[in-house]
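> Sequence first, predicted coordinates after that:
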Amino acid sequence: LLRRRYEIAGWSRAKFMQDFSMLREICGEKHPAQVFLQDLEAQVIKRENQAGRADYISRIKSVFNSLRMLGVIPLDHRPDDGLPKLKAPRYSPRPISKEQAIMLMITAREPMREWFMFACLAGLRACEVAKLEGSWLEKHADGYFLRIFGKGNTEIVIPCHPKLVELIQSKNVLGRLYHIDPNWLSRNACAEMRRLGIATRRNGVSGPKLSFHSCRHFFATQILASCQNLITTQRLMRHASPTVTARYADLVSGEERKIVDGFLSDIDWA
């Protein structure tokens with residue numbers, strides 16, 4: 001009956017399966033109209049951290065809102081309204097160190113060494129590396145540029161590092177450079193990082209857990225430290241907002257000290 005109502009509303013089967021799985025977890029054998037705030041709180045408290053709880057609460061609210069829209073439960077049955085409005089903790093970038101980046105770009109096995117070069121020298125995500133094409137390297141009047149098709153079908157042209165120009169030209173192909181799945185790329189890159197002694201999310205080492213995406217974070221911190229320009233860094237990282245880029249500012253150490261120490265240093269205080 002519930003699936004039929006989803007179909008009539010024109011909602012996808014994937015949404016139905018996701019919502020139905022959530023309802024089975026929350027309600028058990030009870031009808032959603034018989035679920036109350038304490039039942040929802042008991043499920044929320046099982047989440048391990050605040051980020052997980054915040055995501056779980058948003059999913060609960062989405063499911064119950066769908067049930068009210070479909071008439072499965074009365075409009076005034078709102079046990080989800082009593083759930084706290086948790087805010088997921090601010091995401092902190094975790095870049096690899098300069099020494100680790102050099103090691104990955106020089107000593108990693110092929111073709112993973114090339115993947116690390118694209119991430120460290122251009123800030124490419126795994127999904128962007130996986131669909132790179134040789135024809136996306138373009139020669140302009142002032143040098144070579146790389147056309148990137150990123151998240152949300154965004155397209156941008158950014159300056160291309162000389163080593164990446166050399167790498168792409170050595171492939172001598174106009175089509176796809178790597179016929180691989182992004183998830184497969186990430187898994188294999190992480191395995192190579194573990195082989196080289198870099199702590200990743202799967203090797204159980206305490207401290208910051210790094211991944212292939214940490215190479216992109218390295219690129220951001222290096223660019224921001226070099227140019228001290230948030231907008232330039234935002235453009236090169238293809239961020240939708242400078243607010244996202246600003247998260248990397250906390251990782252660029254020492255720059256504030258240099259600015260403060262040198263501020264108005266030409267004044268003769270005597």
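Cool, the structure landed.

> just the strands in this protein please.
Using DSSP state E, the strands of the chain run over 137-140, 143-149, 155-159.

> out of those, nearest to Ile60?
strand 143-149 (35.3 Å; Cβ to Cβ). C-beta coordinates here come from the backbone N, C-alpha and C atoms, glycine included.

> what distance separates that closest one from the centre of its chain?
Relative to the chain's own centre, strand 143-149 is displaced by 22 Å; criterion: Cα atoms, centre = their mean, to the nearest Å.

> That strand pairs with which strands, and in what direction?
Its sheet considered, strand 143-149 pairs with strand 137-140 (antiparallel), strand 155-159 (antiparallel) by DSSP bridges.

> Which of the ones you listed has the lowest mean pLDDT?
Across those, strand 155-159 has the smallest mean pLDDT, namely a mean of 90.

> Tyr144 is in contact with Ala122, isn't it?
No: counting by Cβ atoms under 8 Å, Tyr144 stays clear of Ala122, with 11.5 Å between them.

> Residues in contact with both of those two, list them for me.
Here Tyr144 and Ala122 have Cys160 as joint contacts, going by Cβ atoms under 8 Å, 6 or more residues apart in numbering.

> Of those two, which one has the most company?
More neighbours surround Ala122 than the other of Tyr144 and Ala122, with 22 against 17 (other Cβ atoms under 10 Å).

> Where does the prediction get shaky in the stretch 1-150 of the chain?
Residues of the stretch 1-150 of the chain meeting the criterion pLDDT under 70: 87-91.

> switch to 80 and redo it
48-52, 85-92, 150 (pLDDT under 80).

> who touches the nearest residue to Asn183 once chain neighbours are set aside in this structure?
Here the nearest residue to Asn183 in space, its sequence neighbours aside, is Ala126; by Cβ to Cβ, 6 or more residues apart in numbering that works out to 7.6 Å. Residues near Ala126 by Cβ under 8 Å, 6+ apart: 115, 119, 182-183, 185-186, 189, 212-213.

> I'd like the strands of the chain laid out as a markdown table, including distance to Pro242.
Listed next are those as a markdown table, based on distance: least, Cβ to Cβ, whole Å:
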| stretch | distance to Pro242 |
| --- | --- |
| strand 137-140 | 26 |
| strand 143-149 | 19 |
| strand 155-159 | 15 |
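
> Roughly how far does Phe212 sit from Phe218?
Going from Phe212 to Phe218 by Cβ to Cβ, to the nearest Å gives 11 Å.

> Give me the common contacts of those two.
Common contacts of Phe212 and Phe218 (Cβ under 8 Å, 6+ apart): Ala119.

> and among the strands of the chain, the most buried is which?
Mean neighbour count, computed with mean count of other Cβ atoms under 10 Å, is highest for strand 143-149 among these, reaching a mean of 17.

> what's in contact with it?
122, 124, 128, 131, 136-139, 155-160, 162, 164-165, 168, 238.

> one more time with 6 Å
By Cβ atoms under 6 Å, 6 or more residues apart in numbering, the list of residues contacting strand 143-149 from outside reads 128, 136-138, 155-160, 165.
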